[in-house]
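>>> okay, sequence plus prediction incoming.
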Amino acid sequence: MKTRMLHAMLPAGLGEEPVRWQQQKSARTRLRLVEAAIDCLVEGGYAGLTTQAVAERTGASRGSMHHHFPTRMDLVEAVVEHVFYQRMRLFLDDYLSNLARSSEAEMLEIASAAHWRSVHSREYSAYLELAVAARTDTELDQFFGPVARRYDDVWIAEMIESFPQWRDQWEQMKLASDLVSTVHMGMLLQHPVYGDARTERIHNLTNEVLRLIYANKVGV
């Protein structure tokens, strides 16, 4: 499951480990630039994601920066792919490690808890910045939109493959996933206003609804 999903979301340049030393060095440099670009995005928003800012943060020369990312949009494309890949990887590591120790009846709550932890990650912060900016920046949305839809398609396809017992309730499974993603984004953004107590109440309510969905008591 994990291998298939991550392979389907694999960014360019993260395939098989290069054999030659120079290729390995180049791959490490590219990854370092992408990671620095994510830091720029998280700290300064989409406007702060520039090749100049990344070069200054990493100490990369203009030539090295241009070699890996000739334009800002080349850098943006790499960041979008990397963010979605890392979101998938971090969630799966958490979810699958807990799923192995639990019953099928707890599957939805385990997934919900893992997703809630994932929205506090640096990768999710970067995702939010990109999602908001893509609403009004058509050039960004050319990269963000297709990758976002691929992420969703991979998730749906893999859930069908990995949990055949849910085939007859597949619409409920998708509803549960969509509910968690939507509620958690709102909870995260509203937490400074709501505080811990109100956020926890919403979290508990979400789990109650998930149990109803699992019991097939919520229409779709």
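That came in fine, so what should we check first? Nothing here was measured: the structure is a model prediction, and the numbers come from that model.

>>> use CA for all of it now, contacts and neighbours both
OK.

>>> give me the helix or strand of the protein that scores worst on average pLDDT.
helix 2-8 (a mean of 75; mean pLDDT, DSSP states H and E).

>>> can you count the residues close to Val180?
23 (other CA atoms under 10 Å).

>>> what's the separation between it and Asp74?
32 Å (CA to CA, to the nearest Å).

>>> and the next helix or strand past the least confident helix or strand of the chain?
helix 21-44 (DSSP states H and E).

>>> helices or strands up against the next helix or strand after that following helix?
On the C-terminal side of helix 21-44, the nearest following helix or strand under DSSP H and E is helix 51-58. With contacts taken as 3 or more CA pairs under 8 Å, 6 or more residues apart in numbering; DSSP states H and E, helix 51-58 sits against helix 21-44, helix 62-68.

>>> helix 51-58 - what's its average pLDDT?
Regarding helix 51-58, the rounded mean pLDDT is 94.

>>> kindly report the same for stretch 191-205.
Stretch 191-205 comes out at a mean pLDDT of 96.

>>> stretch 140-159 too?
Mean predicted confidence for stretch 140-159 is 88.

>>> residues contacting that stretch, please?
Under the criterion CA atoms under 8 Å, 6 or more residues apart in numbering, residues 1, 5, 8-9, 73, 76-77, 80-81, 84, 130-131, 133-135, 174 lie in contact with stretch 140-159.

>>> please repeat the previous calculation with a cut-off of 7 Å.
If you take CA atoms under 7 Å, 6 or more residues apart in numbering as the criterion, stretch 140-159 is touched by Met1, Met5, Ala8, Met9, Glu77, Val80, Glu81, Ala134.

>>> low-scoring stretches of this protein, by residue?
1, 12-19, 21, 102-105, 162-166, 217-220 (pLDDT under 70).

>>> quick one, longest helix in it?
Longest helix in the chain, counting residues (DSSP state H): helix 170-214.

>>> what's the burial count for Arg4?
Neighbours of Arg4 (other CA under 10 Å): 11.

>>> what separation is there between it and Pro146?
Arg4 sits 19 Å away from Pro146, going by CA to CA.

>>> before we move on, what about Phe84?
Taking CA to CA, one finds Phe84 at 11 Å from Pro146.

>>> name the nearest residue to Ala37, ignoring sequence neighbours.
Distance criterion CA to CA, 6 or more residues apart in numbering; nearest residue to Ala37, sequence neighbours excluded, is Val54 at 5.5 Å.

>>> I'd say the one you found and Glu35 touch.
No - if you go by CA atoms under 7 Å, Val54 and Glu35 don't touch, sitting 9.1 Å apart.

>>> between those two, which one's more packed in?
The neighbour comparison of Val54 against Glu35 (other CA under 10 Å) goes to Val54, with 24 against 17.

>>> which SSE is the residue most central in space within the chain in?
Most central in the chain under CA atoms, centre = their mean is Arg87, positioned 2.9 Å from the mean C-alpha point. Element membership of Arg87, judged by DSSP H and E, is helix 72-99.
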